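Visitor: Sharing a model prediction with you, sequence too.
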There are 2 protein chains.
Amino acid sequence: MTLRIEVVATDGEARTGTITTARGSFGTPCFMPVGTRGAVRTLSSADLEDLGAEIVLANTYHLMLRPGADVVARLGGLHGFMAWSGHLLTDSGGYQVFSLSPEVDDDGVTFRSTYDGTTHRLTPEGAVAVQEQLGADIQMVLDVCPPLPAPPEVIRTAVDRTAVWAARARKAHRREGQAGLSVGESRAEMLDALDACVGGLPSDRPRYLMGVGDPVGLAEAVARGIDLFDCVLPTRLARHGTVLTAAGRLSLRSAACREDDAPLDPSCPCPVCARWSRGYLRHLQMTGEPGSARLVTIHNVSWILALVQRLRTAVEAGTLATLRTELAEVWCRDEKGPR
Amino acid sequence: MTLRIEVVATDGEARTGTITTARGSFGTPCFMPVGTRGAVRTLSSADLEDLGAEIVLANTYHLMLRPGADVVARLGGLHGFMAWSGHLLTDSGGYQVFSLSPEVDDDGVTFRSTYDGTTHRLTPEGAVAVQEQLGADIQMVLDVCPPLPAPPEVIRTAVDRTAVWAARARKAHRREGQAGLSVGESRAEMLDALDACVGGLPSDRPRYLMGVGDPVGLAEAVARGIDLFDCVLPTRLARHGTVLTAAGRLSLRSAACREDDAPLDPSCPCPVCARWSRGYLRHLQMTGEPGSARLVTIHNVSWILALVQRLRTAVEAGTLATLRTELAEVWCRDEKGPR
């Protein structure tokens, strides 16, 4: 099944819409928390439901090696395994495999497992078969990801080979799926690349920018017509005690938090801000209590989901330009200033 | 205020009852999850509410050093700090301080912080003052805990000094509190000690056996008239992937769990057993996912609280002997058998 998007409203190039899979529908722009191995780090699928997350990302490379796609299939597919009834998108594993200096040929790629050193092979058709075993609602095609920087001819070969692999994956595919776009450069380079390519994409298909989840990156990409995002940033920052707030980043390791009885973000309606103080959460962080990471993760994911909701609302109201300016004022200052 | 217990039912030496503090009442026998630094490891106070825990243990030594009893007091006392409206019992810190080879004299004890090497002093009166700052519902007296084994005269001196310190603490005390009993020997030695001393304790005061939380230890101590327990066993086992079940201990690291779609304990009504399989929880454990420890902790604490509830019910029904036999059959076999 070709994945389509029904566009609901536009504001310049930005758009809101609805993506429908065999499982149901979800709204865009949409941020997908990252659950690489079938769990978002520190959270359970019950936590994800409470957060109102509609779709979660999982990773083919990691799950095919541990516990094995066959094991996941026998335990009910990834939905049954995780006990998660929302949408699941699986990354193809291309990015992980190509970080292992694999042997690549026209047919596929051979690599060694980072878990136990055993040799494995992925082809475009094989990646589709594994993702079918996992039971993903949305699949990614096996892509060639050369390390950057790379000469233009290497990039060109990678793009050409990925396009051929995408066609082979499409043919092998018996359920549903779609292909995306990946960028790993500086924000300026990334936005230039989006400006150059989004105009050439069909407007009735979802546009997925992988690995972007910072507030300004989200807003600027939405302004250029992107629908889907994923990023480990909110969860990884949380595990290091860094909090996303309306006033920018807040480090719980800062001495100013020691006796602060304010919530992490006074404007945030999440259950963590409703109940615990910065002083308490700093104490848990400083003493290495394992519950700390989960509470800050709940806040940060809630905060990012709420930001994407604000972006949706702004697109519908035609006020995205104002929101972009507001976010740039807080976060570009924060990027330059002291942490 | 002297802490009293209202005995509700008895079965031999065993009893159920109600303990009332300024905060309210809770039933006994009672197991208190251990929240050393103001958090039960991997759990939040919301999780503790969901588990139905009525009282949690915290530790004076750790909290007076990090973040400091004054900081806790300014952030609402330990109840406000943790956002926990249930009961709190604070250990005096004696056990921790005496594990640091401190300098002891008749007046008190001088020790070095394990956090930063600074020197601190605790006296019976000082320990009361710190626990008042923390806002504990039930305090413990600063006790002398010599390393075991020790010659009888060392034990006698420690008991005598603790008795003098208890009288000084009682005099210094302006709110409410009580003193307990601590045992660290083998189970047989512990039960012999209980047999020797419980008969000499007043029946209208709570009896607290610190550091016991294994199923047979709980049942045998309840049978000897103990009311209160705490132990890190259920939470520590959980972080290592060891599960408490009706059939004994289960290690998630066992290969038999790999494709097992059964819940951790098929007879357990906890939310983890209602939702996730052994196969999924084993996968999280084997790949080091941080969410694993919390889910197994929720199960193990829920399981122990349910066991203590079964002990209460058995005392009320006069069937404690039968339950002791059942538990010994499962758990004494488990102690001898392979893990």
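Guide: Cool, the structure landed.
Visitor: which parts of the helix or strand containing residue A:321 are buried?
Guide: In this structure, residue A:321 sits in helix A:320-336 according to DSSP states H and E. Neighbour counts over helix A:320-336 (16 or more other CB atoms under 10 Å in any protein chain shown) mark A:320, A:323, A:324, A:327, A:330, A:331, A:334 as buried. Every C-beta, even on glycine, is put in place using the N, C-alpha and C of the backbone.
Visitor: burial measure for residue A:236, as a count.
Guide: 15 (other CB atoms under 10 Å in any protein chain shown).
Visitor: Can you name the helix or strand that it falls in?
Guide: helix A:233-239.
Visitor: now the helix holding residue A:321, how far from the chain's geometric center?
Guide: What separates the centre of helix A:320-336 from the centre of its chain is 21 Å, taken as CA atoms, centre = their mean, to the nearest Å.
Visitor: where does the stretch 151-300 of chain A come near chain B, residue by residue?
Guide: A:239, A:258-259, A:261, A:271, A:275-277, A:279-280, A:282-284, A:286-287, A:289-295 (CB under 8 Å from any CB of the partner chain).
Visitor: could you say what helices and strands the helix holding residue A:321 packs with?
Guide: The contact analysis (3 or more CB pairs under 8 Å, 6 or more residues apart in numbering or on different chains; DSSP states H and E) places helix A:320-336 against helix A:215-223, strand A:248-251, helix A:291-317.
Visitor: Following element in sequence after the shortest one, please.
Guide: The reference is to strand A:248-251. Next along the chain after strand A:248-251, taking DSSP H and E as the criterion, comes helix A:271-275.
Visitor: average pLDDT across that following helix?
Guide: Throughout helix A:271-275, pLDDT has a mean value of 97.
Visitor: now it: how far from the chain's centre is it?
Guide: With CA atoms, centre = their mean, you get 25 Å for helix A:271-275.
Visitor: likewise stretch A:69-88?
Guide: Distance, centroid of stretch A:69-88 to centroid of chain: 19 Å (CA atoms, centre = their mean).
Visitor: Kindly reformat the buried residues of helix A:320-336 as TSV containing pLDDT.
Guide: Listed next are these as TSV, based on pLDDT from 0 to 100:
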residue	pLDDT
A:320	98
A:323	98
A:324	98
A:327	98
A:330	96
A:331	96
A:334	65
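Visitor: which residues sit in contact with the residue in the stretch 101-250 of chain A that chain B sits nearest to?
Guide: Across the stretch 101-250 of chain A, the shortest distance to chain B (CB to the nearest CB) belongs to residue A:239, at 7.8 Å. Neighbouring residues of residue A:239 by CB atoms under 8 Å, 6 or more residues apart in numbering or on different chains: A:41, A:42, A:293, A:296, A:297, B:290.
Visitor: Now with 10 Å, please.
Guide: A:41, A:42, A:232, A:285, A:292, A:293, A:294, A:296, A:297, A:300, B:290 (CB atoms under 10 Å, 6 or more residues apart in numbering or on different chains).
Visitor: What is the burial count for the residue nearest to residue A:42 when sequence neighbours are not counted?
Guide: Of all residues not flanking residue A:42 in the chain, residue A:294 sits nearest, at 4.1 Å (CB to CB, 6 or more residues apart in numbering or on different chains). For residue A:294, the count of nearby residues is 25 (other CB under 10 Å).
Visitor: And the helices in chain A?
Guide: A:45-51, A:60-65, A:69-74, A:77-82, A:94-98, A:124-134, A:152-172, A:187-197, A:215-223, A:233-239, A:271-275, A:278-286, A:291-317, A:320-336 (DSSP state H).
Visitor: list the contacts for the most centrally placed residue in chain A?
Guide: In chain A, the residue lying closest to the centroid (CA atoms, centre = their mean) is residue A:230, at 1.2 Å. Applying CB under 10 Å, 6+ apart, we find residue A:230 in contact with A:30-35, A:55-57, A:89, A:91, A:208-213.
Visitor: Now do the same contact list for the residue of chain A most remote from its centre.
Guide: Within chain A, residue A:259 marks the point farthest from the mean C-alpha position, 34.6 Å out by CA atoms, centre = their mean. Under the criterion of CB under 10 Å, 6+ apart, the contact list for residue A:259 reads A:277, A:278, A:279, A:282, B:67, B:68, B:70, B:71, B:72, B:74, B:75.
Visitor: Out of those, which comes closest to residue B:97?
Guide: residue B:68 (16.4 Å; CB to CB).
Visitor: Touching, the closest one and residue B:74? I think so.
Guide: Yes. Residue B:68 lies in contact with residue B:74 (CB atoms under 10 Å); the separation is 9.3 Å.
Visitor: sorry, back to before: how near is the residue nearest to residue A:42 to residue B:226?
Guide: 34 Å (CB to CB, to the nearest Å).
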